[in-house]
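Trainee: need coordinates for the following:
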Amino acid sequence: MAVAMIRSSGNGGRPLGRRSSISASDDDVLTRLSMTFLDTVHNNGNTVSIMTSRDVDIRPDSRFAEVDGMRIHYKRSGTGPTVVLLHGSASSLYGVEAVAQRLWGSFDVIRPDLPGFGVTGPRPDRDYRVSTYATTLARFMDTVGVQRYTVVGNSLGGNIGWNLALDHSEHVNALVLINATGYPDKDLPAAMRLARNPVVGQLLRRFMPRRAVERSLRQAVGLNSDIVDAAMVERAHRLWNRAGNRAAFVDFVATDQPDRSFEIPYIGVPSLVLRSAGMEGQHFTRDIAGSVEKVHPGGGHLLPEEDPTWVADAITEFLQSLPGHGNAR
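Mentor: Next comes the predicted model:
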């Protein structure tokens, strides 16, 4: 489940103070969430994943890298120039896996579970600023032995990607932004508005209803998308309920994200912007000199899952058009 990045509130990267006001529409969602909590109390909500001796989310191709006090879970497949795929918030590497499968015939494809999500789980320092994510990612790539790479990011992953291109440009050969966030005029989704409310935030630290996960997924895809099925919901709900992940999401949305959008014109690497037609609050093509944009006519926010072939083909075409055919490992 991916939701858009929060906007800056000018609080210097510290967790925001508690907020007690919510809109009428948010109040309706809060009512449904509270009703679901009552279901859970009566053992009907199925909100807690029971971890058995076999962790189904750690597969034979799972790898781990020790970075910043965390065991970052990732997968790596294929040979060729290195491409790192970054998922969005409230998601996991599964959010970009279908794209990875279409790229690893030509590229060395690395996709981590970002801190706070998936198998990686929460940061011990609870620092979820995007600039911190970018620094951790640079250290992660150094740990796995890759010095130069293309960064492809969806939503939050795109935000991390362009921050990485600004702060660690010596490592980034090319940048692909997929419905990326980072501009202050980007609307805050209802799920994040609710998580920043003190009452709902405390509830989310304790449980995440399966029905809420399903509703959020369906709201994130395009109107004609049929990708949200029982298996997708079950996986997302299970990962939400891994130890520490619910609290990490609340900490993430409560973190002030300083507005760096004025620095975007300083990005100097070749850039491809992939955007669903309905996505607003994005000005990357305007602000990144020489960038190329492709618009998907019917996609939603989860474009790498909704149309992975379109995304993978666009990435491949873009990288093959670059001098030296992309990047070196």
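Trainee: you'd agree Arg71 is in a helix?
Mentor: No. Counting by DSSP: H, G, I helix; E, B strand; the rest coil, Arg71 falls outside a helix, being strand.
Trainee: Asp61: which element?
Mentor: Assigned by DSSP states H and E, Asp61 belongs to no helix or strand.
Trainee: residues near it, how many?
Mentor: Neighbour count for Asp61, taken as other CB atoms under 10 Å: 9. Just so you know, the C-beta spots here come from the backbone N, C-alpha and C atoms, and that holds for glycine as well.
Trainee: now do Gln320
Mentor: 11.
Trainee: and what of Asn154?
Mentor: 31.
Trainee: ok, the residue nearest to it when sequence neighbours are not counted - contacts?
Mentor: Closest residue in space to Asn154, ignoring its immediate chain neighbours: Ile178 at 4.3 Å, by CB to CB, 6 or more residues apart in numbering. With contact set as CB atoms under 8 Å, 6 or more residues apart in numbering, Ile178 has these partners: 152-155, 157-158, 274-275, 303-304, 311.
Trainee: now for Leu303, how many residues are close by?
Mentor: Neighbours of Leu303 (other CB under 10 Å): 27.
Trainee: tell me, what's the model's pLDDT at it?
Mentor: Per-residue confidence (pLDDT) for Leu303: 97.
Trainee: so which of the contacts of Ile178 belong to helices?
Mentor: Among the contacts of Ile178, DSSP state H puts 157-158, 303-304, 311 in helices.
Trainee: CSV for the contacts of Ile178, including distance to Thr132?
Mentor: Converted to CSV, the contacts of Ile178 look like this (distance: CB to CB, whole Å):
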residue, distance to Thr132
Val152, 20
Gly153, 15
Asn154, 19
Ser155, 17
Gly157, 14
Gly158, 16
Leu274, 25
Arg275, 26
Leu303, 26
Pro304, 24
Val311, 27
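Trainee: low-confidence regions, this protein specifically.
Mentor: 1-53, 188-190, 325-329 (pLDDT under 70).
Trainee: how about 80 then?
Mentor: The chain contains residues with pLDDT under 80 at 1-53, 186-194, 281, 325-329.
Trainee: where along it do the helices fall?
Mentor: 24-41, 94-103, 130-143, 156-167, 190-195, 198-206, 210-220, 230-240, 245-253, 284-287, 303-306, 308-320.
Trainee: save these as TSV, and put in distance to Gly182 too.
Mentor: Shown next, in TSV, are the helices of the chain (distance: least, CB to CB, whole Å):
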stretch	distance to Gly182
helix 24-41	24
helix 94-103	18
helix 130-143	7
helix 156-167	4
helix 190-195	15
helix 198-206	23
helix 210-220	18
helix 230-240	24
helix 245-253	15
helix 284-287	8
helix 303-306	17
helix 308-320	19
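Trainee: and Val56, which of those helices is closest to it?
Mentor: Nearest to Val56, of all the helices of the chain, is helix 230-240, at 7.5 Å by CB to CB.
Trainee: quick one on the thing from earlier: Arg210: which of the ones in helices among the contacts of Ile178 is nearest?
Mentor: Nearest to Arg210 among the ones in helices among the contacts of Ile178, with distances taken as CB to CB, is Pro304, at 23.0 Å.
Trainee: what pairs with the residue nearest to Asn154 across the strands?
Mentor: Asn154, Leu274 (DSSP bridges).
Trainee: looking at the helices of the chain, which is closest to Pro112?
Mentor: helix 130-143 (6.4 Å).
Trainee: and the contacts of that closest one?
Mentor: 5, 13, 65-68, 70, 72, 74, 84, 86, 110, 112, 114-115, 147, 149, 156, 159-160, 163-164, 167-168, 171, 182, 257-258, 260.
Trainee: C-alpha coordinates for stretch 121-139, PDB please?
Mentor: Backbone C-alpha positions of stretch 121-139 (Å, rounded to 0.1, in the frame of the first residue of the first chain) are rendered in PDB as follows:
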ATOM      1  CA  GLY A 121      11.100  -2.900  10.000                       C
ATOM      2  CA  PRO A 122      11.500   0.300  12.100                       C
ATOM      3  CA  ARG A 123      14.600   2.500  12.500                       C
ATOM      4  CA  PRO A 124      16.000   2.300  16.000                       C
ATOM      5  CA  ASP A 125      16.500   6.100  16.000                       C
ATOM      6  CA  ARG A 126      12.900   6.700  14.700                       C
ATOM      7  CA  ASP A 127      14.400   9.300  12.200                       C
ATOM      8  CA  TYR A 128      12.100   9.100   9.100                       C
ATOM      9  CA  ARG A 129      13.200  12.300   7.400                       C
ATOM     10  CA  VAL A 130      13.600  11.800   3.600                       C
ATOM     11  CA  SER A 131      17.100  13.200   3.700                       C
ATOM     12  CA  THR A 132      17.900  10.500   6.300                       C
ATOM     13  CA  TYR A 133      16.400   7.800   4.000                       C
ATOM     14  CA  ALA A 134      18.700   9.100   1.200                       C
ATOM     15  CA  THR A 135      21.800   8.900   3.400                       C
ATOM     16  CA  THR A 136      20.900   5.400   4.600                       C
ATOM     17  CA  LEU A 137      20.300   4.300   1.000                       C
ATOM     18  CA  ALA A 138      23.700   5.600  -0.100                       C
ATOM     19  CA  ARG A 139      25.300   3.600   2.800                       C
END
